[in-house]
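Sequence below, structure please.
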Amino acid sequence: MIFKLLVLILIIGGIYFIFFRKKSVTPDSNSKNSSTKNIGEELIPCFKCGTLTSENETIIHNGQQFCSKECAKI
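Numbers count the residues shown, from 1 in each chain. Here you go, the predicted structure:
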């Protein structure tokens, strides 16, 4: 009788851990990069007009950083 009860508890516990356990709360690296991509990004002023642009959007021409092709005259 006790053996059957222990087997039943193990089966119920196994079903619980397979279907009802919480998923990992840490996001995978791809979603983390996409969701926090702009957080903490440095803004850089344009050499010509002073407009602030993010580091990945700046255009570097002749050692200066510009906000657009028009300001860089490319």
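
Report the buried residues of stretch 46-64.
Cys46, Phe47, Thr53, Thr58, Ile59 (16 or more other C-beta atoms under 10 Å). The C-beta positions use only the backbone N, C-alpha and C, and glycine is treated the same way.

Just after the one helix or strand in the chain whose mean pLDDT sits lowest, pick out the following helix or strand.
Here the helix or strand of the chain ranked lowest by mean pLDDT, DSSP states H and E is helix 29-35, holding a mean of 54. On the C-terminal side of helix 29-35, the closest following helix or strand by DSSP states H and E is strand 43-45.

Direction included, what does that following strand pair up with?
According to DSSP bridges, strand 43-45 forms sheet pairs with strand 52-54 (antiparallel).

Pick out the most distant pair among the buried residues of stretch 46-64.
Phe47 and Thr53 (11.0 Å; C-beta to C-beta).

Give me the residues contacting the helix ranked longest in the chain.
In the chain, taking DSSP state H as the definition, the longest helix is helix 2-19. Helix 2-19 is contacted by no other residue when judged by C-beta atoms under 8 Å, 6 or more residues apart in numbering.

CA-only coordinates of it in PDB, if you can.
Coordinates of each C-alpha in helix 2-19 appear next as PDB, following Å, rounded to 0.1, in the frame of the first residue of the first chain:
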ATOM      1  CA  ILE A   2       2.800   2.500   0.900                       C
ATOM      2  CA  PHE A   3       4.700   1.500  -2.300                       C
ATOM      3  CA  LYS A   4       1.700   2.300  -4.400                       C
ATOM      4  CA  LEU A   5       1.300   5.700  -2.600                       C
ATOM      5  CA  LEU A   6       5.000   6.600  -3.200                       C
ATOM      6  CA  VAL A   7       4.700   5.600  -6.900                       C
ATOM      7  CA  LEU A   8       1.600   7.800  -7.200                       C
ATOM      8  CA  ILE A   9       3.400  10.800  -5.600                       C
ATOM      9  CA  LEU A  10       6.300  10.300  -7.900                       C
ATOM     10  CA  ILE A  11       4.100  10.200 -11.000                       C
ATOM     11  CA  ILE A  12       2.200  13.300  -9.900                       C
ATOM     12  CA  GLY A  13       5.500  15.100  -9.100                       C
ATOM     13  CA  GLY A  14       6.900  14.100 -12.500                       C
ATOM     14  CA  ILE A  15       3.800  15.400 -14.300                       C
ATOM     15  CA  TYR A  16       4.000  18.700 -12.300                       C
ATOM     16  CA  PHE A  17       7.700  19.300 -13.200                       C
ATOM     17  CA  ILE A  18       7.200  18.500 -16.800                       C
ATOM     18  CA  PHE A  19       4.100  20.600 -17.500                       C
END
